[in-house]
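**Student:** Take a look and give me a structure for this.
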Amino acid sequence: MINKLKKIAAKRRRAERSRFKLRQSSSRPRLVFNKSNRYLSCQIIDDAQGTTLVAASTLEAGFAGKSRKDKEAAKALGKAIGEKAASKGVKVVMLDRSGMIYHGRIAAFADAARAAGLEF
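**Tutor:** As a prediction, this is how the structure comes out:
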């Protein structure tokens, strides 16, 4: 149990460290990616105003019938958030990985978001 708590604390420290660096240059909104055991979600947050500009998740109706947590779902989620951001007029964002390494689902999500028109 102690090892599990140490892992959770280490992940929290990594996330705080990366968010601190992003908040130092808060001229752009943050694109936050989150993954759970069953779903993927993301949102674009404006830290200056403390509001969520755009949000998307694999819980939405467009993802029904497909896997909601693999690389293909991450690509579809990146495309969806890019389209929603374009409709709101958001083009330039900072990617907040929440302390996770840039690999697998996160990389697929980021590449699809870039292809949909977002600039990191």
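**Student:** Only C-alpha atoms from now on, for both contacts and neighbour counts.
**Tutor:** Fine.
**Student:** got the buried residues for the lowest-mean-pLDDT helix or strand in the chain?
**Tutor:** None of the helices or strands of the chain scores lower by mean pLDDT, DSSP states H and E than helix 2-24, at a mean of 85. For helix 2-24, the neighbour count (16 or more other C-alpha atoms under 10 Å) marks 15, 18, 19, 22 as buried.
**Student:** The residue nearest in space to the middle of the chain pairs with what?
**Tutor:** In the chain, the residue lying closest to the centroid (C-alpha atoms, centre = their mean) is residue 33, at 1.7 Å. As for beta bridges, residue 33 partners with residue 42 under DSSP bridges.
**Student:** my read: it touches residue 99, true?
**Tutor:** No: using C-alpha atoms under 8 Å, residue 33 is not in contact with residue 99, being 10.2 Å away.
**Student:** For residue 107, pull up the helix or strand it's in.
**Tutor:** Following DSSP states H and E, one finds residue 107 within helix 105-115.
**Student:** Could the C-alpha coordinates of that helix be exported in PDB?
**Tutor:** C-alpha atoms of helix 105-115 as PDB (Å, rounded to 0.1, in the frame of the first residue of the first chain):
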ATOM      1  CA  ARG A 105      -2.300   7.800 -26.500                       C
ATOM      2  CA  ILE A 106      -1.000  11.200 -25.600                       C
ATOM      3  CA  ALA A 107       1.200  11.400 -28.700                       C
ATOM      4  CA  ALA A 108      -1.700  10.200 -30.900                       C
ATOM      5  CA  PHE A 109      -4.000  12.800 -29.400                       C
ATOM      6  CA  ALA A 110      -1.500  15.600 -29.900                       C
ATOM      7  CA  ASP A 111      -0.800  14.700 -33.500                       C
ATOM      8  CA  ALA A 112      -4.500  14.600 -34.300                       C
ATOM      9  CA  ALA A 113      -5.100  17.900 -32.600                       C
ATOM     10  CA  ARG A 114      -2.300  19.500 -34.600                       C
ATOM     11  CA  ALA A 115      -3.800  18.000 -37.800                       C
END
